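Asks: Sequence isn't available, so here's the structure alone:
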Ligand SMILES: Cc1cc2nc3c(=O)[nH]c(=O)nc-3n(C[C@H](O)[C@H](O)[C@H](O)COP(=O)(O)OP(=O)(O)OC[C@H]3O[C@@H](n4cnc5c(N)ncnc54)[C@H](O)[C@@H]3O)c2cc1C
């Protein structure tokens, strides 16, 4: 592993100053569960690492009425899965964090890190995308918000720029009639990354009519897959068996899955159909 300088800023402005001055020479380090591996493999050789550990204000989880859930970038996946605030407002998000790897990884890995590493075989990113979450990116020249679905643009690739830092994730407020589910399908061990991960969010009113549906399928392509024209088929209708099948088939047909050690493209396509169907059934549909 190449030598690097270790910086420990105490505030966000200090971190942004270092990140802005060093540009592509530096990497921010959060939990280090991803970065340590690529540094050891020599895939990245930054001359400086900027640790986010001593910075106040990146570890908060709070719910702001009118806005939604605000999760600091340095909140660990363990803290997220155990947060009473997340459990109360978005239990499916707490669950998607709970099924990541094992407790040792979750204790280290952070919400910001899991979005910024943009590994396709991940759990929380598809849930954030399905929930319509936005990341807040700060730099010395200001702040901008980007929807998670537009933030992750490829395998290990996001729209973050040198000098920017992800400071928080905002999950927008939703109707009380909305609920969600995350289905993680693994093919190897119970600690493995997903072969397919389906995040489904549905707003179903008291008459059983769907007022909104969002489904993001993770781990099957370079980015979480949302097929809006298929999901919107549900709007204004009851999620009955033929409609659930139509949506599950539509997702399977619209996505071109990749092949890897966890499953072939053909197999993933079958599993997308099965798990979208299961997710919609759990959300109150009748299959
Ligand atoms: C053995 C193992 C098993 C795993 N299994 C799973 C699994 O089942 N499901 C799953 O979803 N994931 C899994 N992961 C991936 C894990 O969730 C990620 O490695 C982790 O979330 C990355 O977060 P981190 O805080 O450790 O990021 P780091 O490693 O610190 O950083 C990752 C990248 O993000 C950048 N970064 C970090 N924070 C910020 C920030 N605030 N602003 C800007 N850039 C930032 C860093 O510069 C780096 O490029 C696994 C990882 C390992 C090692």
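Replies: Good, I have the coordinates. Everything numeric here is computed off the predicted structure, so don't read it as measured data. Numbers count the residues shown, from 1 in each chain.
Asks: tally of neighbours for residue 49?
Replies: 17 (other CB atoms under 10 Å). All C-beta spots, glycine's among them, are computed from the backbone N, C-alpha and C.
Asks: list the contacts for it?
Replies: Applying CB atoms under 8 Å, 6 or more residues apart in numbering to residue 49 gives the contacts 4, 5, 6, 7, 26, 27, 28, 29, 35.
Asks: how about TSV for these, with pLDDT and distance to residue 54 added?
Replies: Compiled in TSV, the contacts of residue 49 are given as follows (pLDDT from 0 to 100; distance: CB to CB, whole Å):
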residue	pLDDT	distance to residue 54
4	92	18
5	96	16
6	97	12
7	98	10
26	97	16
27	97	17
28	98	13
29	98	12
35	97	17
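Asks: ok, the closest residue to residue 187 other than its chain neighbours - how many residues close by?
Replies: In space, and not counting its chain neighbours, residue 187 is closest to residue 195: 4.5 Å by CB to CB, 6 or more residues apart in numbering. Using other CB under 10 Å, residue 195 has 23 neighbouring residues.
Asks: contacting residues for residue 195?
Replies: So residue 195 contacts 185, 186, 187, 219, 262, 263, 267, 268, 271 (CB under 8 Å, 6+ apart).
Asks: Drop the exposed ones from the residues you listed and show what's left.
Replies: 185, 186, 219, 262, 263, 268, 271 (16 or more other CB atoms under 10 Å).
Asks: Spatially, what comes nearest to the last one if we skip its sequence neighbours?
Replies: Yep, that's residue 271 we're talking about. Using CB to CB, 6+ apart, the closest residue to residue 271 is residue 196 (4.5 Å).
Asks: show me what contacts that neighbour?
Replies: 183, 185, 217, 218, 219, 220, 263, 268, 271, 272, 275.
Asks: tell me the secondary structure for the closest residue to the ligand within the stretch 1-150 of the chain?
Replies: Closest approach between the stretch 1-150 of the chain and the ligand, counting by CB to the nearest ligand atom: residue 113, at 2.3 Å. Classification of residue 113 using DSSP: H, G, I helix; E, B strand; the rest coil returns helix.
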